[in-house]
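Chemist: predicted model and sequence follow; I will ask about them next.
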Amino acid sequence: MSVTVFIQGRNGVSRWQPGKRWLLLPILLLAAGTGIYQQNTERFESQQASVDKDRLVREQQKQQVLDLKNATESQLAMLVTHVARMQAKIARLEALGQQVAQNYQLEEQFDFSTEVGIGGPSDVGASIELGQLFDDMNALVSRIDNNNVQLSLLETVASNLHIDEERYISGQPINKGWLSSPFGLRNDPFNGRRTMHKGIDFAGKEGTEVVATAAGVVTWAGKMFGYGELVEIDHGNGLRTRYGHNKALSVTVGDVVAKGETIASMGSTGRSTGPHVHYEVLRGGQQIDPQKFVYRKAS
């Protein structure tokens, strides 16, 4: 098969008949164009898939941000509520502390109504609402710290006041009975001689409860010559009390006893003529007249 091509030139129309190899050129061009188109199509589809994938990732990230925002807002709301409850509890605690201070007449030293002095720059880069919440939380922490310190000191002072009241020697060592022999010179009931009686005797029914006239630590609980079964209590500040001639003891050495606590039962052990308690008050190791302690009002 031959192909004749007519070409218009300056000198007229000329005829050109290509060889067979030129017949392959269109086919090659067509094939090349088809390959390029296919490559471009695949490249476009790949780019489109990448764009779609990026869009999907961005949508997922956007949803995650929204979920995080919603969760954060929910947590902040819960946190605000929690802070408000804590503030209410602290307010009640401050009111209680103020009342305790007033009861002990210490309101000038312990003022729970005064706002805690705080201050300083803030570097929190957040919204006004969140910044305000942080400020409230910081103020709350300061109030708690301040109240803890004041309550601790108040507890110490109140305990000391309570201890001082408990250590205040007053009243009789029995709840039932009568005074049978005062402090001072008397005729000895065994030999009739004039001797010094260094305590006060309270008579009563055998087994009657003997009580501590003040709080303290038991330094003797057992037999002592002349006293029979004896209890001795140290009240501090150089003061001690003794309770003699007991039938039985309810305490041991080292026990801490409260004012009015039962320490023994009345008896007639030792140098005694009948059921009674021999009561002494010692200052600096020397017996003094217990009468002023027996008849003075409790602190």
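Modeler: Alright, I've got the coordinates. Numbers count the residues shown, from 1 in each chain.

Chemist: and Met78, its phi and psi?
Modeler: Main-chain torsions, Met78, degrees, to the nearest 10: phi -60, psi -40.

Chemist: I'd like the distance between it and Ala139.
Modeler: Noted for Met78: a distance of 19 Å to Ala139, by Cβ to Cβ, to the nearest Å. For every residue, glycine as well, the C-beta is placed using N, CA and C.

Chemist: next: Val294.
Modeler: From Val294 over to Ala139 (counting by Cβ to Cβ), the distance is 55 Å.

Chemist: give me the more crowded residue out of these two.
Modeler: When Val294 and Ala139 are compared for neighbours, Val294 comes out ahead with 19 against 15, by other Cβ atoms under 10 Å.

Chemist: got a list of what the more buried one touches?
Modeler: By Cβ atoms under 8 Å, 6 or more residues apart in numbering, Val294 lies in contact with 170-172, 200, 213, 279.

Chemist: on the three-state scheme, Thr219 is what?
Modeler: In terms of secondary structure, Thr219 is strand; the call rests on DSSP: H, G, I helix; E, B strand; the rest coil.

Chemist: list the contacts for it?
Modeler: Neighbours of Thr219 in contact, by Cβ under 8 Å, 6+ apart: 232-234, 240, 253.

Chemist: do the same with Thr262
Modeler: Contacts of Thr262 were listed using Cβ under 8 Å, 6+ apart, and they are 209-211, 250.

Chemist: show me the two of those residues that sit farthest apart.
Modeler: With Cβ to Cβ as the measure, no two of those lie farther apart than Val211 and Ser250, at 9.9 Å.

Chemist: neighbour-wise, which of the two wins?
Modeler: With neighbours defined as other Cβ under 10 Å, Val211 and Ser250 compare such that Val211 has more, 21 against 17.

Chemist: what's across from that one in the sheet?
Modeler: Per DSSP bridges, the residues bridged to Val211 are Thr262.

Chemist: is it in contact with Ala258, as I believe?
Modeler: No: distance between Val211 and Ala258: 9.7 Å, which falls outside the contact criterion (Cβ atoms under 8 Å).

Chemist: which stretches of the stretch 151-299 of the chain have low pLDDT?
Modeler: The stretch 151-299 of the chain contains residues with pLDDT under 70 at 151-165, 298-299.
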